[in-house]
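Trainee: my questions are about this predicted structure, shown below with the sequence.
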Amino acid sequence: MPLSPRKDLERQQRRWADSAGVDYDARGFVRELDANLRVPLAASTRAAFLYGTELTPRKNQPARFSALHSSAVLVANVFDHWSARDAVPLVAALGLGAERARLAFEEPLATGVEGDPPLSDVVLRSESGRVVAIESKFGEWLVRRASNRLDLKSKYFAGGAIWRKAGLPRCQQLAEDLRAGHERFKHLHAAQLLKHALGLARATRVDASVASKAGNTVGEAGACTRHELRYLYYEWPHGPAVAHRAELERFAERVGPEIRFSASTYQDLYRALEADARVDRAYLEYLRARYFRAI
């Protein structure tokens, strides 16, 4: 009987571990945490993942970060390399121009709703003031979501139309449709993206207010053009790949131009990095061997 797409991807990671001499248990968790990484995490990155609980052991199970198939480990192996380097090649490979940028991991995006805010996997802050929040997916989208109706808790609706108040009426309508069961995404975590959009919209308003008080001419609309939401996913050309892409297109159509939303694949990112002579070859070789051998 063929494996599910998610199990097939996990098997790919086990094959890499076997070839690299990485020891792991029957569930696919490495025995030594650093064996899951190309190089140990930078101190600031480790602190960020501790804040986000990825490094925290769970009851009867190691930390999520120990899993060969961990999405957080994919983020770390691709992005932490740039924490102490000029990130211009990375920004360019993402199709975001040629700006210098600072990276942050597990960054909270305050939504104004009570409780812990959603965490963005990676945030890029460029010298021009643009903020790009990246939501990363490895194999999560390969598993069909049971329901969308409980993805947005009642607290997101208790205080009125919070997306509309933040200047996002189309996001508000989509949130209400998800909550009512009128709209459904089987592979895309649309509610998570809506929360990030809300956090970015609120950050835009704060930036516009700060700019106005400082006497700058950049108003709220100008600030909005510098804030983007990027969905970066690991393409797996089996199972629900076509359905997933269709849902990304549907989400983008539903939210329209009121947020700067785009989607791209880790494979495209790797191709662009590989084509840039400035990028460290040892870093690229590790990524190719582990994640992109098929390219």
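Mentor: Arrived safely. Numbering: from 1, shown residues only.
Trainee: next helix or strand past the lowest-mean-pLDDT helix or strand in the chain?
Mentor: Sorting the helices and strands of the chain by mean pLDDT, DSSP states H and E puts helix 220-224 at the bottom, at a mean of 41. Using DSSP states H and E, the helix or strand that follows helix 220-224 in sequence is strand 227-233.
Trainee: partners of that following strand in the sheet?
Mentor: strand 131-137 (parallel), strand 260-265 (parallel) (DSSP bridges).
Trainee: ok, residue 162 touching residue 197?
Mentor: No - between residue 162 and residue 197 there is no contact under C-beta atoms under 8 Å: 11.2 Å. Placement of C-beta: from N, CA and C, glycine included.
Trainee: these two: who's more crowded?
Mentor: residue 197 (27 against 21; other C-beta atoms under 10 Å).
Trainee: list the contacts of that one.
Mentor: Contact analysis of residue 197 by C-beta atoms under 8 Å, 6 or more residues apart in numbering lists 163, 168, 171, 229, 255, 259, 261.
Trainee: just checking, the fifth one touches residue 261?
Mentor: Yes - with contacts counted by C-beta under 8 Å, residue 255 reaches residue 261, the gap being 5.9 Å.
Trainee: still on that earlier bit, return the most buried member of the strands paired with strand 227-233.
Mentor: strand 131-137 (a mean of 22; mean count of other C-beta atoms under 10 Å).
Trainee: give me the contacts around that strand.
Mentor: The contact list for strand 131-137 (C-beta under 8 Å, 6+ apart) reads 71, 74-75, 94, 96, 101, 107, 109, 120-126, 192-193, 196, 199-200, 203, 226-234.
Trainee: could you do stretch 51-63 as well?
Mentor: Residues outside stretch 51-63 that contact it (C-beta under 8 Å, 6+ apart): 27, 29, 33, 46, 49-50, 64-65, 70, 72, 105-106, 119.
Trainee: in it, what counts as buried?
Mentor: By 16 or more other C-beta atoms under 10 Å, the buried positions in stretch 51-63 come out as 52, 54, 55, 62, 63.
Trainee: show me where the stretch 101-250 of the chain has strands.
Mentor: Secondary structure of the stretch 101-250 of the chain by DSSP state E, counting those that start in this stretch: the strands cover 101-108, 119-126, 131-137, 227-233.
Trainee: possible to save these as a markdown table with mean pLDDT?
Mentor: Output for the strands of the stretch 101-250 of the chain, formatted as a markdown table (pLDDT from 0 to 100):
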| stretch | mean pLDDT |
| --- | --- |
| strand 101-108 | 95 |
| strand 119-126 | 95 |
| strand 131-137 | 97 |
| strand 227-233 | 95 |
